[in-house]
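Peer 1: just to be clear, the model below is a prediction. Sequence and coordinates:
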There are 2 protein chains.
Amino acid sequence: EIVAAIEARLASGPLAGRRIVVTSGPTHEPIDPVRYIANRSSGAQGTAIARALVALGAEVVFVTGPAEVPPPEGVTLVKVQTARQMHDAVMAALPADAGVFAAAVADWRVAKEATSKMKKTAGGLPVLEFAENPDILKAVAGLEDSRPALVIGFAAETDDVIRHATEKRARKGCDWILANDVSAGTGIMGGTENAIVLISDAGAEEWPRMTKTEVASRLARRIAEALEAG
Amino acid sequence: EIVAAIEARLASGPLAGRRIVVTSGPTHEPIDPVRYIANRSSGAQGTAIARALVALGAEVVFVTGPAEVPPPEGVTLVKVQTARQMHDAVMAALPADAGVFAAAVADWRVAKEATSKMKKTAGGLPVLEFAENPDILKAVAGLEDSRPALVIGFAAETDDVIRHATEKRARKGCDWILANDVSAGTGIMGGTENAIVLISDAGAEEWPRMTKTEVASRLARRIAEALEAG
């Protein structure tokens, strides 16, 4: 890994000298000491993106939740559990030239984490109340001084993908949204392939169905072009 | 694995000819197509127990949720996700001489699983309501005709271990409870060691802190003795 890190520093390539923050994986939000809320993100897409950016010479800070796939080599690795931890790690990693927010961050956390295990009670069932987690993508996109030149989010949608993703881009204030359809039957969530629509100020650009590795390479090249042009 | 299965069938040993159902791992309870509630069980203890039972010649049906550790060899493997699926798989595996219920089964499931991804709304935060899951240990212990001669449950407690576990044994109607303290700082949940208190009609027997493999071997020997005596 040390060798890989040195190679990344010395790498030539269109992203040499660029610092990019990538988030990846799910977050885990504790309910009590033994239970937590998770999501089905494997971390495969974020990991592939980080690897592709390193291959083009970028210095990558990789902030990851508890993912199934091992983290890439040649990155600065920051491991977190919760959305709030991820938020803080991202802010600590700035400034950067670009941010790619591929993690499936929990929108909510449990409002009151129990300090001892919740018991079955004779009477009622528990009701979980939630508090909103920090919105990492929106927070970074809205930064006054240290906003990366290119802020990229993802949208995992189960219906009306382009409309929802376009609205999300406006709401978050980010530059690009990579949207995909994760509804049952597509096999994308947890799978090896992805079907992306890139939403930018130029509109919606549909990419053909390709592997997550190919999505990562294509995105890395597009990031290099955009930073070059900007 | 075929070889291992044949070996298990042919094995001599104190549990040869005995059929034992072992549950292991966490269950995952879906909230919507991307989110679920999980728990921190790694499946390490249940897997070690199944392996120890096979080593003593038992025929083991291993019903497991999505565990971190790979399943043992030489067992009949049944993979499930939810508590309801685990319940049905256990019932289908009976009759058996003994049942070891080491899985960390979710007590509750989400009452209404959403069919599309829950959205952040401008207004309120979501509130999750729960429905009670089937109580597998209690259901098996209460079976009229096909109750295994020896029904063994686990209790993961964060405080007042012996009292809570003794109450649990009475409430469930099972023969033995293996209780342990999973409160923060013990490092047991997800770790390699376990500190067990065996609750039976003879009272509470504290075992020294030992590895999960040693717990498994000791339990398997005790099961063999109990079935022999019974």
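Peer 2: Alright, I've got the coordinates. What you are looking at is a predicted structure, and each value in this text was computed from that prediction instead of being measured. Residues are numbered from 1 along each chain as shown, chains lettered A, B, ... in the order given.

Peer 1: where does chain A have low pLDDT?
Peer 2: Across chain A, the ranges flagged by pLDDT under 70 are A:1-11, A:115-124, A:184-191.

Peer 1: how about the residues of it by chain B?
Peer 2: Residues of chain A found near chain B (CB under 8 Å from any CB of the partner chain) are A:28, A:31, A:33-41, A:104, A:106-108, A:116-118, A:120, A:125-132, A:156-159, A:182-184, A:189. Every residue, glycine included, has its C-beta placed from N, CA and C.

Peer 1: in PyMOL, select just the buried ones from these.
Peer 2: Applied in PyMOL, the following selects the buried portion of the residues of chain A next to chain B according to 16 or more other CB atoms under 10 Å in any protein chain shown:
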select buried, chain A and resi 28+31+33+34+35+36+37+38+39+40+41+104+106+107+108+117+126+128+130+156+157+158+182+183+189
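
Peer 1: and the biggest helix by length in chain A, what's buried?
Peer 2: Longest helix in chain A by number of residues (criterion: DSSP state H): helix A:212-229. Buried positions in helix A:212-229, judged by neighbour count with 16+ other CB under 10 Å: A:212-217, A:219-220, A:222-224, A:226-227.

Peer 1: what about the residues of chain A next to chain B, which are in strands?
Peer 2: Residues from these lying in strands, with DSSP state E as the criterion: A:35-39, A:108, A:127-132, A:156-157.

Peer 1: which one of the residues you listed is nearest to B:Val60?
Peer 2: When these are compared for distance to B:Val60 (CB to CB), A:Arg35 wins out at 27.6 Å.

Peer 1: my read: that closest one touches B:Asn39, true?
Peer 2: Yes - between A:Arg35 and B:Asn39 there is a contact at 4.8 Å, judged by CB atoms under 8 Å.

Peer 1: who does the longest helix of chain A touch, helix- and strand-wise?
Peer 2: Packing partners of helix A:212-229 (3 or more CB pairs under 8 Å, 6 or more residues apart in numbering or on different chains; DSSP states H and E): helix A:44-55, strand A:98-101, strand A:150-157, strand A:193-194.

Peer 1: now the third one - C-alpha only, PDB.
Peer 2: Taking Å, rounded to 0.1, in the frame of the first residue of the first chain, the C-alpha atoms of strand A:150-157 are listed here in PDB:
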ATOM      1  CA  LEU A 150     -16.700  19.800  -9.000                       C
ATOM      2  CA  VAL A 151     -19.300  18.300  -6.600                       C
ATOM      3  CA  ILE A 152     -20.800  15.100  -7.800                       C
ATOM      4  CA  GLY A 153     -23.700  13.200  -6.200                       C
ATOM      5  CA  PHE A 154     -25.500  10.000  -6.800                       C
ATOM      6  CA  ALA A 155     -29.200   9.300  -6.900                       C
ATOM      7  CA  ALA A 156     -30.500   5.800  -6.400                       C
ATOM      8  CA  GLU A 157     -34.100   5.900  -7.600                       C
END
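
Peer 1: middle-most residue in chain A, spatially?
Peer 2: The residue lying closest to the centre of chain A (CA atoms, centre = their mean) is A:Ala102, at 1.9 Å.

Peer 1: hmm, it is touching A:Ile49, no?
Peer 2: Yes - if you go by CB under 8 Å, A:Ala102 and A:Ile49 touch, sitting 5.9 Å apart.

Peer 1: need the residues touching each of these two.
Peer 2: Residues within reach of A:Ala102 and of A:Ile49 at once, by CB atoms under 8 Å, 6 or more residues apart in numbering or on different chains, are A:22, A:24.

Peer 1: how about a markdown table for the helices and strands packed on helix A:212-229, with distance to B:Ile20 added?
Peer 2: What follows is the helices and strands packed on helix A:212-229, written out as a markdown table (distance: least, CB to CB, whole Å):
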| stretch | distance to B:Ile20 |
| --- | --- |
| helix A:44-55 | 37 |
| strand A:98-101 | 48 |
| strand A:150-157 | 42 |
| strand A:193-194 | 41 |
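
Peer 1: on that earlier part again, shared neighbours, A:Arg35 and B:Asn39?
Peer 2: Residues touching both A:Arg35 and B:Asn39 by CB under 8 Å, 6+ apart: B:Ala106.

Peer 1: so who does A:Thr27 touch?
Peer 2: A:Thr27 touches A:39, A:65, A:80-83, A:85-86, A:103-106, A:133, counting by CB under 8 Å, 6+ apart.

Peer 1: A:Thr166 reaches A:Ala204, doesn't it?
Peer 2: Yes - look at A:Thr166 against A:Ala204 with CB under 8 Å: they come within range, at 6.8 Å.

Peer 1: overlap in contacts of these two?
Peer 2: With CB under 8 Å, 6+ apart applied, the contact sets of A:Thr166 and A:Ala204 do not overlap.

Peer 1: ok so, going back, in helices, which of the contacts of A:Thr27 appear?
Peer 2: Judged by DSSP H, the subset of the contacts of A:Thr27 located in helices is A:83, A:85-86.

Peer 1: ok, so of the buried residues of helix A:212-229, who is nearest chain B?
Peer 2: The closest of these to chain B turns out to be A:Lys212 (CB to the nearest CB; 16.7 Å).

Peer 1: go ahead and confirm A:Tyr36 touches B:Arg35.
Peer 2: No - with contact defined as CB under 8 Å, A:Tyr36 and B:Arg35 do not form a contacting pair (11.0 Å).

Peer 1: which of the ones in strands among the residues of chain A next to chain B sits closest to A:Leu56?
Peer 2: Lowest distance from A:Leu56 to those (CB to CB) belongs to A:Ala156, with 25.2 Å.

Peer 1: wait, the closest one sits on A:Val182?
Peer 2: Yes - the pair A:Ala156 and A:Val182 passes the contact test of CB under 8 Å, sitting 4.4 Å apart.

Peer 1: what is the end-to-end distance of stretch A:65-78?
Peer 2: 9 Å (CA to CA, to the nearest Å).

Peer 1: again, but for stretch A:70-79
Peer 2: One end of stretch A:70-79 sits 11 Å from the other (CA to CA).

Peer 1: repeat for stretch A:132-142
Peer 2: End-to-end distance of stretch A:132-142 (CA to CA): 18 Å.

Peer 1: what residues are up against the closest residue to A:Glu206 other than its chain neighbours?
Peer 2: Leaving aside its sequence neighbours, A:Glu206 sits nearest to A:Val197 (CB to CB, 6 or more residues apart in numbering or on different chains; 5.1 Å). Contact partners of A:Val197, counting by CB under 8 Å, 6+ apart, are A:161-162, A:165, A:178-180, A:204-207.
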